[in-house]
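Asks: Attaching a predicted model along with its sequence, questions to come.
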Amino acid sequence: MNLDPIEKYGVVLRRLQPIDLEVVRHWRNHQKISQYMIYREHITEEMQIAWFDRINNDRNYYFIIEWEQRGVGLINIKDINMTERSGESGIFIWDDTCLNSDVPPRAVLALFDYAYDILKLEFIRAHVIKTNTRAIRFNKYMGFKLQSEQEMIENQLYIQTHDNFFEWRAKVVCLF
């Protein structure tokens, strides 16, 4: 399993390690993050360790987003299916100073370059709670499309294709 950080577009994506679990658990349990998650119950230390044991493999890539030498959030591609060349992505930003900045798009660019260029994925899914308007705008900005019959579903499915990503990347990469 490759643990080398991804350093691109001014961000560092550092593979999640056991030493990170408590800080990520703190972030994830905080109401400002948990309110946007499907699972909103308190996560215990034992639950966090069991989760990490399940996801610490080559089908799931979880990274701490580092900006200016500090951890500011978490980003991932999970449930990678090499047969259909797909995965599911997620991101949350803990550091409020980075929320309305270019840090999230930089992190997504770095991770999706890896997903499409190295892992050779053809599409990426994202599930977004329908009341999370910031995440919906962000996903649409990156070329994700709401899938059919999702309007009334709480946890809506969006898909970004390889081509949608490269169209978006061509428009924004010059900004970084």
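Replies: The structure has been received and is ready for your questions.

Asks: all contacts plus neighbour counts: C-alpha atoms, from now on.
Replies: Noted.

Asks: residue ranges of the strands in the chain, please?
Replies: For the chain, the strands defined by DSSP state E occupy 6-8, 11-15, 61-67, 70-81, 86-93, 123-129, 145-146, 155-161.

Asks: The first one - contacts with which helices or strands?
Replies: Judged by 3 or more CA pairs under 8 Å, 6 or more residues apart in numbering; DSSP states H and E, the packing partners of strand 6-8 are strand 11-15, helix 103-113.

Asks: Repeat that for the second one.
Replies: Secondary structure elements in contact with strand 11-15, counted by 3+ CA pairs under 8 Å, 6+ apart, are strand 6-8, strand 61-67, helix 103-113.

Asks: In this structure Thr161 contacts Glu122, no?
Replies: Yes: look at Thr161 against Glu122 with CA atoms under 8 Å: they come within range, at 6.0 Å.

Asks: could I get the strands of the chain as TSV with mean pLDDT and distance to Leu99?
Replies: Shown next, in TSV, are the strands of the chain (pLDDT from 0 to 100; distance: least, CA to CA, whole Å):
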stretch	mean pLDDT	distance to Leu99
strand 6-8	97	19
strand 11-15	98	14
strand 61-67	98	12
strand 70-81	98	9
strand 86-93	97	6
strand 123-129	97	17
strand 145-146	97	22
strand 155-161	97	21
